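Trainee: Quick one, what's the 3D model for this:
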Amino acid sequence: MTDDTSDVTPIGEDPRISTLDERLKAARQREDERITKPAPDGSDANYRLGNRVLAELVGGMVGGAFIGWVIDQFAGTKPWGLLVMLFVGVGVAFRNIIRISNQRPE
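Mentor: Numbering: from 1, shown residues only. The predicted structure follows:
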């Protein structure tokens with residue numbers, strides 16, 4: 001039995017493992033930078049603008065319908081007050097959305 005260990009290198013000194021270790025460290029560093037990197041300002045502003053437009057549209061319809069329902073209850077004009085004010089609310093909502101879209105970006 002010969003004890004020939006000259007061709008075997010210890011695990012810690014294998015160049016493939018050290019290269020793999022360097023690549024893993026670089027990948028972890030890139031991932032940490034990606035996770036901690038804040039989102040660009042444009043996407044957050046666009047999200048807020050979209051929510052504002054949605055709120056204007058829903059609020060105009062709900063507000064107009066509610067005011068029309070109140071008018072119908074007091075004037076006894078069912079369903080015309082509700083329908084007319086619902087369309088007025090939609091028109092006001094579209095006018096506000098057009099005004100929002102014409103504003104200059106900050």
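Trainee: residues touching the nearest residue to residue 67 once chain neighbours are set aside, list them.
Mentor: With C-beta to C-beta, 6 or more residues apart in numbering as the criterion, residue 67 has its nearest non-adjacent residue at 4.9 Å, and that residue is residue 85. (Each C-beta comes from the backbone N, C-alpha and C, glycine too.) Residues in contact with residue 85 (C-beta atoms under 8 Å, 6 or more residues apart in numbering) are 64, 65, 67, 68, 71.
Trainee: quick one: which of those residues is nearest to residue 89?
Mentor: The shortest gap between residue 89 and any of those belongs to residue 64, at 1.9 Å (C-beta to C-beta).
Trainee: Remind me which helix or strand the closest one belongs to.
Mentor: Here residue 64 sits within helix 41-75, counting by DSSP states H and E.
Trainee: next helix or strand past that helix?
Mentor: Next along from helix 41-75, by DSSP H and E: helix 80-101.
Trainee: buried sites along that next one?
Mentor: Residues of helix 80-101 classed as buried: 81, 82, 84, 85, 86, 89, 92, 93, 96, 97 (neighbour count, 16 or more other C-beta atoms under 10 Å).
Trainee: Dump these to CSV, plus distance to residue 57.
Mentor: Shown next, in CSV, are the buried residues of helix 80-101 (distance: C-beta to C-beta, whole Å):
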residue, distance to residue 57
81, 21
82, 18
84, 18
85, 16
86, 13
89, 10
92, 10
93, 5
96, 9
97, 7
